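> no sequence on hand, only this structure:
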């Protein structure tokens, strides 16, 4: 069996694209076209394999994970997480993204370390990397799950919770949009964004995907993709 058969058993490379992280993929509101760093990487891999690219697009990370785990997609782009790793073989990360907290302007909270306290409620996108991470690390604060990452700040404002959590750049854009809120300084986590494929696929496919990501970082492909899409705040992983 060839490498293209290992990656694309249906004849096309089905790439699961998560729109929940706008730093990596987004939909053009006028044309409906999907673009971003993850789309560029998927296209380059399909080109190398010599197969057509088929985008399987989702609004939530959890849906994208389920597609690859269930093999209705062949590859995906995810924040590395142990829970997701039960069904997905990850590459090394290709970009690093900061996770941050947002509070109201008049909040007494000034530091990330003050968030995990009794009575505090933290809004996250359901099934996001932040949901998974904070579910393991917050011991006193409660987690409130919004429908998706784009709804976090609106849910936070409407529900009266104390903290919102997510991608720093997304939170900053929402802060500029709604006003009356601020980001806490620093970060509570660094998200390692990687490519992945179903663990049931042959080991040679996992090794080839890992090599592909390494080459895309070393050649400057990832750097150029970040620049092309105007992404700030995400850095190429070492």
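Alright, I've got the coordinates. Here the structure is a predicted model, which is why all the values come from computation and not from measurement. Numbers count the residues shown, from 1 in each chain.
> give me every residue that touches residue 222.
Taking Cβ atoms under 8 Å, 6 or more residues apart in numbering as the criterion, residue 222 is in contact with 37, 41, 94, 95, 216, 236. Every C-beta, even on glycine, is put in place using the N, C-alpha and C of the backbone.
> what about the second one, which helix or strand?
In this case it means residue 41. In this assignment (DSSP states H and E), residue 41 forms part of helix 37-49.
> tell me which strands and helices that helix is in contact with?
helix 3-7, strand 13-18, strand 53-58, strand 75-79, helix 203-218, helix 221-228 (3 or more Cβ pairs under 8 Å, 6 or more residues apart in numbering; DSSP states H and E).
> so which of the ones you listed is nearest residue 193?
strand 75-79 (5.8 Å; Cβ to Cβ).
> verify the stated contact: residue 76 with residue 21.
No. Contact criterion Cβ atoms under 8 Å: residue 76 and residue 21 do not qualify, at 11.8 Å.
> can you add neighbour count and pLDDT and give the contacts of residue 222 back as a markdown table?
Output for the contacts of residue 222, formatted as a markdown table (neighbours: other Cβ atoms under 10 Å; pLDDT from 0 to 100):
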| residue | neighbour count | pLDDT |
| --- | --- | --- |
| 37 | 24 | 95 |
| 41 | 22 | 98 |
| 94 | 26 | 97 |
| 95 | 23 | 95 |
| 216 | 22 | 98 |
| 236 | 17 | 93 |
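> tell me which two of those residues sit farthest apart.
Most distant of those, by Cβ to Cβ, are 41 and 236, 12.2 Å apart.
> quick one: least confident helix or strand in the chain?
strand 234-236 (a mean of 88; mean pLDDT, DSSP states H and E).
> ok, residue 176 - how many residues close by?
Under the neighbour criterion other Cβ atoms under 10 Å, residue 176 is assigned a count of 9.
> could you do residue 28 as well?
A count of neighbours around residue 28, defined by other Cβ under 10 Å, yields 9.
> which residues touch it?
34, 35.
> now do the phi/psi pair for it.
In terms of degrees, to the nearest 10, the main-chain angles of residue 28 are phi -70, psi 120.
> for it, report the pLDDT, please.
Per-residue confidence (pLDDT) for residue 28: 90.
> before we move on, what about residue 150?
The model's pLDDT for residue 150 equals 84.
> quick check: it is in a strand.
No. Read with DSSP: H, G, I helix; E, B strand; the rest coil, residue 150 is helix and lies in no strand.
> just give the closest residue to it, not the sequence neighbours.
If the residues on either side of it in the chain are set aside, residue 150 comes closest to residue 20, at 7.0 Å by Cβ to Cβ, 6 or more residues apart in numbering.
> three-state assignment of that neighbour?
coil.
> and it, how far from residue 119?
28 Å (Cβ to Cβ, to the nearest Å).
> what sits against residue 234?
23, 24, 37, 95, 96, 97, 169, 193, 226.
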